[in-house]
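Student: Structure for the following, please:
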Amino acid sequence: MKYEGGEQREQLIGKFENSFKMSNVDEGLMVDGRFDFVRKNDYEGYNTTLASIPDDASGLDGILADLKTSFKTNKTRDIDFRIQQLRNLQQGLEDMKDELSAAVEKDLGRGAFYAQLAEVHGTKVEIQHTIENLKNWAKEVVVDTPVMVGPGKSYIKPEPLGVVCVMAAWNFPYVTLLGPVAQVISAGNCCLIKPSELSPNCSIAAAKLCEKYLDQSFYKVIQG
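Tutor: The predicted model follows:
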């Protein structure tokens, strides 16, 4: 079977296979590896789905500029706004859990139970932990003021960075995408969200979730 992308993609596949051997992974566990699963099952649908994902970076500068402009509105600094976006993300994981799990099975050969437990439920638990602790994490922390600069008051105040890009790995497509996205949201940043195109069905499902449940003025998805 030949993958779209020619020699470069074949070399990439070879590197991943070599990394499996170097890490002494049990051959029986490799069936959960995407590349191994695709090869063994001659999954021609993979190429078709991969080809359907847009791969045009021409609009990236405009998207980044829009996110920077949105950040300057200071809306993401509001703790209640952040918590609501986290709850939206959590609700999206619940509403789309079957679709998300089906995408994992198509791309990686992992069953629905494993996908929901490791990818969906685990991310929901992480988001819930963030929601419960965010207000405490965002508090100012009073620290000692040096005598030489007194009298005065010193404190550490958590501040958002601005615009953050999250790029997912292909082998754990939701854990490495939506978990970090939740942390970016909780910190008050805008986010450019990039699923891995090497898990194309998961990329499409994750993009659908983010576009449906997150505020598109502050959190944008780009595929490819």
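
Student: so residue 141 sits right up against residue 156, yeah?
Tutor: Yes - between residue 141 and residue 156 there is a contact at 4.5 Å, judged by CB atoms under 8 Å. Backbone N, C-alpha and C define where each C-beta goes, glycine included.

Student: State the number of residues packed around the closest residue to residue 223 other than its chain neighbours.
Tutor: Spatial nearest neighbour of residue 223, excluding adjacent residues (CB to CB, 6 or more residues apart in numbering): residue 53 at 5.0 Å. Neighbours of residue 53 under the rule other CB atoms under 10 Å: 15.

Student: unless I'm mixing things up, residue 53 is touching residue 202, no?
Tutor: No - applying CB under 8 Å as the test, residue 53 and residue 202 come out as separate, 10.8 Å apart.

Student: Remind me what the helix or strand harbouring residue 208 packs against, helices and strands.
Tutor: Taking DSSP states H and E as the definition, one finds residue 208 inside helix 200-213. Applying 3 or more CB pairs under 8 Å, 6 or more residues apart in numbering; DSSP states H and E, one finds that helix 200-213 contacts helix 44-52, helix 79-95, helix 97-108, helix 178-186, strand 190-194, strand 219-221.

Student: where does residue 135 land on pLDDT?
Tutor: Note for residue 135: predicted pLDDT of 94.
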